[in-house]
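Student: give me a 3D structure for the following:
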Amino acid sequence: QVQLVESGGGSVQAGGSLRLSCAASASTFLYYAVGWFRQAPGKEREFVAAITTSGGGISYADFEKGRFTISRDNSKSTVYLQMNSLEPEDTAVYYCTADRNFDTVRLGGAVYWGQGTQVTVSS
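Tutor: Numbers count the residues shown, from 1 in each chain. Next up is the predicted model:
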């Protein structure tokens, strides 16, 4: 069982930055690939980024255009999502998710999900 807790969301103006954190409860966290998804009001959940267990493999959604960076610190059982040059279109609830399989995470099929953290970007 893995519990995931997101933090770091908030309200910023367009062009600003936020760093989201996803803290995991399991000591076996280093064996899990982790991803970030987001869901805006009235829209379907969409993939943002994912990282392999070691951090050596990373995947990003096309929309982020080099603005987002995913990283992890296995010693702290935490994955981060640094978001720069935020746009109003980035407004959404951001969720982290974990699974032992990287492709499963990337495709949104992971078993473990956090409760989400709200990101609001104003113009």
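
Student: for the residue nearest to the spatial centre of the chain, what are its contacts?
Tutor: The centroid of the chain falls nearest to Trp36 when counting by Cα atoms, centre = their mean (2.5 Å). By Cβ atoms under 8 Å, 6 or more residues apart in numbering, the residues touching Trp36 are 20, 22, 48-50, 70, 79, 81, 94-97. (Each C-beta comes from the backbone N, C-alpha and C, glycine too.)

Student: tell me how far Glu6 lies from Gly15.
Tutor: 23 Å (Cβ to Cβ, to the nearest Å).

Student: out of these two, which sits in the busier spot?
Tutor: Glu6 (22 against 11; other Cβ atoms under 10 Å).

Student: which ones are touching that one?
Tutor: Counting by Cβ under 8 Å, 6+ apart, Glu6 has contacts 20-22, 94-96, 114-117.

Student: which pLDDT value goes with the closest residue to Gly116 other than its chain neighbours?
Tutor: Nearest residue to Gly116 in three dimensions, chain neighbours excluded: Val93, at 4.2 Å (Cβ to Cβ, 6 or more residues apart in numbering). pLDDT recorded at Val93 is 98.

Student: so which of the contacts of Glu6 sit within strands?
Tutor: Members of those lying in strands (criterion: DSSP state E): 20-22, 94-96, 117.

Student: all strands for this protein, in order.
Tutor: For the chain, the strands defined by DSSP E cover 4-7, 10-13, 18-24, 33-39, 46-51, 58-60, 68-73, 78-83, 92-99, 112-113, 117-122.

Student: can you put those in CSV and add distance to Arg106?
Tutor: Formatted as CSV, these follow (distance: least, Cβ to Cβ, whole Å):
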stretch, distance to Arg106
strand 4-7, 16
strand 10-13, 26
strand 18-24, 15
strand 33-39, 6
strand 46-51, 5
strand 58-60, 6
strand 68-73, 12
strand 78-83, 14
strand 92-99, 9
strand 112-113, 14
strand 117-122, 20
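
Student: if we can go back for a sec, what residues are up against the residue nearest to Gly116?
Tutor: 38-40, 116-119.

Student: lovely, talk soon.
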